[in-house]
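In: The following block contains a protein sequence and its predicted model.
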Amino acid sequence: MCFQRAPQLRDDGLRSHVRSMSMVQDLHPHIFAQRFQLAKKEALQVLDKLKIPIKADRETLIKIARTCLRRKLSIENVDILTDVCIYLFFFHNRDILF
């Protein structure tokens, strides 16, 4: 029998987040939630300042999807799943786009 090793996924930050939770264990959950919401609000403001308009054409969406998927998946799966993502995007937004 031949066993193949499962592909390793890259760390998405969850592990380091769980490790850092020990720093906030003394905080009341309500205070933690408030601070998290403040951080979210500030992060969204920064992203609004940094964003640039793009055309939502097929080629641009393919580049975006491929870039995102390459960070989490093996190269062999990226092209297939990129096509699936783009197909689903256009299928889901068909009433808006067409």
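Out: Looks like it arrived, so ask away.
In: following the lengthiest helix in the chain, which helix or strand shows up next?
Out: Ranked by residue count, the top helix of the chain under DSSP state H comes out as helix 29-50. The helix or strand immediately downstream of helix 29-50 is helix 58-70, counting by DSSP states H and E.
In: For that following helix, the averaged confidence score.
Out: Taken as a whole, helix 58-70 has a mean pLDDT of 90.
In: which helices and strands sit right next to it?
Out: Helix 58-70 is packed against helix 75-92, with contacts defined by 3 or more C-beta pairs under 8 Å, 6 or more residues apart in numbering; DSSP states H and E. Using the backbone N, CA and C atoms, a C-beta is placed for each residue, glycine as well.
In: For the helix it packs on, buried residues please.
Out: Residues of helix 75-92 classed as buried by neighbour count (16 or more other C-beta atoms under 10 Å): V78, T82, C85, I86, F89.
In: Give me the contact list for that helix.
Out: The contact list for helix 75-92, computed with C-beta atoms under 8 Å, 6 or more residues apart in numbering, reads R58, L61, I62, A65, R66, L69, R70, L73, L97.
In: Just send those residues back as CSV, with neighbour count and distance to A39 too.
Out: Below are these laid out as CSV (neighbours: other C-beta atoms under 10 Å; distance: C-beta to C-beta, whole Å):
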residue, neighbour count, distance to A39
R58, 11, 35
L61, 17, 29
I62, 15, 32
A65, 19, 28
R66, 16, 30
L69, 19, 27
R70, 14, 28
L73, 16, 29
L97, 9, 34
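In: so what's C2 scoring on pLDDT?
Out: The per-residue pLDDT reported for C2 equals 46.
In: Offset the numbering so it begins at 48, please.
Out: Taking 48 as the first residue, the last one we looked at is C49.
In: thinking T107 is in contact with I101, fair?
Out: Yes - counting by C-beta atoms under 8 Å, T107 sits close enough to I101 to count as a contact (5.7 Å).
In: residue ranges with poor pLDDT in the chain?
Out: Per-residue confidence for the chain (pLDDT under 70) gives these ranges: 48-74, 142-145.
In: again, 80 this time
Out: With pLDDT under 80 as the threshold, the chain has low-confidence stretches at 48-76, 79, 102-103, 140-145.
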